[in-house]
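Student: need a structure here:
(chains A and B)
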Amino acid sequence: MSDGQHTPVSNQPEEHAPGTLEQPIVQAPSEGAGAQPSMPTGEGREPVEGYLRTEAAPEELWTPPTADLPDIGEASFGPPPPVAETVHGPDDRVEITNTSVYPWRAHASLLIQAADNSMWIGTGWFIGPHTMATAGHVVYIKNSGVPGRDGWVKNIKVMPGRNGSSLPYGSVTSTNFRSVTGWVNSGDPNYDYGAIILPTDLGATTGWFGFGVWPDGDLLAVTGNISGYPGDKPAGTEWYDARRIASVDVRKVYYDIDTAGGQSGSGVYRFANGGRYGVAVHAYGGASTNSGTRIVTPVFNNLLAWKA
Amino acid sequence: MGEQAAPLGRIVGVVRDQNGKPVEGARVYFTGAPGPVPDIAALSASDGSFSFAAPVEGTYTVESRGEGLAPASATVGVRGGEEARVEISLKAP
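Tutor: Numbers count the residues shown, from 1 in each chain, chains lettered A, B, ... in the order given. Predicted coordinates:
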């Protein structure tokens, strides 16, 4: 069902405005040049060494105290550093250091210059040779309250597979962006998605993620995976976490996958048929749950048009 | 959820080091908010300044992290249409 809010828009001249296509509901990934296939764990997570997360709660054999007790570690080391509320429970994120291989290299650290020259960081993920999916608010700032800041950003420096100061695929700067009227005109978080069009086909080397539309029941039965570039970790380091999708509605996906500021635009992806497929674009952090813009048919159609 | 309303207020701040000197390029992001906030992070300007829209009224916690400096945060309340100011001091670990 089209509600008009998914009308695609671009910062490019009218004659370059993108159209929409009628296509199947799954778009396949590509692992890029020289990729070594890596299969998910049985729970649909990446096989990251040292990463361990359980979904099931332990059986309660006794009733724990209800008082808010400090961690025993504080007795020796003092209170822990503050943790973002977008990190729910213990911080399960794991750093990815082999960022030069697929799938990690298909995620990019973004350095964003807004219209007022303020600088921001975010995350994007390749969906095609020259197209990165990201959040709408990464490419078009809305309702900032700062004079001169709202509107299309000036440029975005894209650094795929970045690992701190190491840029295994270099960097490329884009000034060519896409989003939709629901975000650009209305600032509606339900339409907070967009794309960065690169001037090169760097994605053909790094590989890209597939993306698709799945029914509610399917999404609620799978593990969501997120990898991106959070600001609360050392600059430019890539961090990963995964957890079962918590809930969905018509336009959003909700999850307790740990994130922090700087991961706006990350892909929320699942494994299917041996490949990695985005199901949402991570956009918002909250105290109890994080959320992303769900890839539904109009979103899928726009992403498909933008990767052409 | 319908159209997002104009932001209720703003959080404006500056990041300084332990000597009071502005810190440029520090990452600044929300670690607490009364509602969902965009999961983007600002980089402090050459004068250490940064600003965020505060989507709803309430208490926000802003954290900053600079290279070679320990992270630090500040908490501020934002009321209707106000501009709330914070200062974050980053110290050596």
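Student: and A:A35, what are its phi and psi?
Tutor: phi -80, psi 140 (degrees, to the nearest 10).
Student: how about the nearest residue to it once chain neighbours are set aside, phi and psi?
Tutor: Spatially, and ignoring its direct neighbours in sequence, A:A35 is nearest to A:Y102 (4.4 Å; CB to CB, 6 or more residues apart in numbering or on different chains). C-betas here are computed from N, CA, C, even on glycine. Dihedral angles of A:Y102 (phi, psi; degrees, to the nearest 10) stand at phi -70, psi 140.
Student: With the one 4 residues further on instead?
Tutor: Main-chain dihedrals, A:A106, degrees, to the nearest 10: phi -80, psi 0.
Student: what about it, how many residues close to it?
Tutor: By the measure other CB atoms under 10 Å in any protein chain shown, the count of residues near A:A106 is 28.
Student: how many neighbours does the closest residue to A:I96 other than its chain neighbours have?
Tutor: Spatial nearest neighbour of A:I96, chain neighbours left out: A:E238 (4.4 Å); criterion: CB to CB, 6+ apart. When counting by other CB under 10 Å, one arrives at 25 neighbours for A:E238.
Student: mind listing what A:E238 touches?
Tutor: For A:E238, the contacting residues are A:E95, A:I96, A:T99, A:W104, A:H107, A:S109, A:G161, A:R162, A:N163, A:S227, A:G228, A:Y229, by CB atoms under 8 Å, 6 or more residues apart in numbering or on different chains.
Student: what about 10 Å?
Tutor: Residues in contact with A:E238, defined by CB atoms under 10 Å, 6 or more residues apart in numbering or on different chains, are A:94-99, A:104-105, A:107-109, A:123, A:161-164, A:227-230.
Student: Just the buried residues from the residues you listed, in ChimeraX please.
Tutor: Listed next is the ChimeraX selection for buried residues among the contacts of A:E238, using 16 or more other CB atoms under 10 Å in any protein chain shown:
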select /A:94,95,96,99,104,105,107,108,109,123,161,162,163,227,228,229,230
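Student: my guess is the residue nearest to A:A35 meets A:E46, correct?
Tutor: No - in this structure, A:Y102 is not within contact of A:E46 by CB atoms under 10 Å, at 11.1 Å.
Student: Would you mind grabbing the residues shared as contacts by those two?
Tutor: A:S38, A:R276.
Student: State the distance from A:S264 to chain B.
Tutor: 4 Å (CB to the nearest CB, to the nearest Å).
Student: Contact partners for the residue in chain A that chain B sits nearest to?
Tutor: With CB to the nearest CB, the shortest gap between chain A and chain B falls at A:G261, namely 2.5 Å. By CB under 10 Å, 6+ apart, the contact list for A:G261 reads A:84, A:86, A:120-122, A:230-232, A:285, B:27-31, B:37-42, B:52, B:62-63, B:65.
Student: Ok, A:N290 next?
Tutor: Contact analysis of A:N290 by CB under 10 Å, 6+ apart lists A:85-88, A:224, A:226, A:243, A:246, A:253-260, A:263, A:268, A:282-284, B:36, B:39.
Student: Can you verify my assumption that A:G194 contacts A:T181?
Tutor: No - counting by CB under 10 Å, A:G194 stays clear of A:T181, with 11.7 Å between them.
Student: For the two, indicate the residue with more neighbours.
Tutor: A:G194 (31 against 15).
Student: separation between the more buried one and A:F271?
Tutor: Look at A:G194 and A:F271: by CB to CB, to the nearest Å, they are 25 Å apart.
Student: What ranges in chain B fall below the confidence cut-off?
Tutor: B:1-8 (pLDDT under 70).
Student: switch to 50 and redo it
Tutor: B:1-3 (pLDDT under 50).
Student: In contact with whatever residue of chain B ends up closest to chain A, which residues?
Tutor: Nearest residue of chain B to chain A: B:Y29, at 2.5 Å (CB to the nearest CB). Under the criterion of CB under 10 Å, 6+ apart, the contact list for B:Y29 reads A:84, A:86, A:120-121, A:230-232, A:260-264, A:285, B:37-42, B:50, B:52, B:61-65, B:73.
Student: taking those one by one, which sit in strands?
Tutor: Here DSSP state E is the test, and those give A:120-121, A:285, B:37-38, B:41-42, B:50, B:52, B:61-65, B:73 as lying in strands.
Student: I'd like to know which helix or strand in chain A has the lowest mean pLDDT.
Tutor: Every helix and strand of chain A was ranked by mean pLDDT, DSSP states H and E. The lowest is helix A:73-77, at a mean of 50.
Student: Assumed A:I257 was part of a strand.
Tutor: No - per DSSP: H, G, I helix; E, B strand; the rest coil, A:I257 lies outside any strand segment and is coil.
Student: Dihedrals phi and psi, it?
Tutor: Torsion angles at A:I257 (phi, psi; degrees, to the nearest 10) stand at phi -70, psi 130.
Student: beta partners for B:S89?
Tutor: B:R16 (DSSP bridges).
Student: Do I have it right that it meets B:R16?
Tutor: Yes - counting by CB under 10 Å, B:R16 is a contact partner of B:S89 at 5.5 Å.
Student: shared neighbours of these two, anything?
Tutor: With CB under 10 Å, 6+ apart as the test, B:S89 and B:R16 both reach B:V23, B:S64.
Student: Which one's more surrounded, the two?
Tutor: When neighbours are counted by other CB under 10 Å, B:S89 and B:R16 differ, and B:R16 comes out ahead with 19 against 16.
Student: Report the distance from stretch B:27-35 to the chain centre.
Tutor: 7 Å (CA atoms, centre = their mean, to the nearest Å).
Student: Please apply the same query to stretch A:113-128.
Tutor: Computed by CA atoms, centre = their mean, the chain-centroid distance of stretch A:113-128 equals 12 Å.
Student: try stretch A:30-40
Tutor: Distance, stretch centre to chain centre, for stretch A:30-40: 19 Å (CA atoms, centre = their mean).
Student: what about it, how long is it end to end?
Tutor: Chord length of stretch A:30-40, first to last residue, is 16 Å (CA to CA, to the nearest Å).
Student: Sort out which residues of it are buried, please.
Tutor: A:S30, A:E31, A:G32, A:A35, A:P40.
Student: what comes into contact with it?
Tutor: A:46-48, A:101-106, A:126-129, A:160, A:169, A:202-210, A:223, A:225, A:242, A:270-272, A:274-276.
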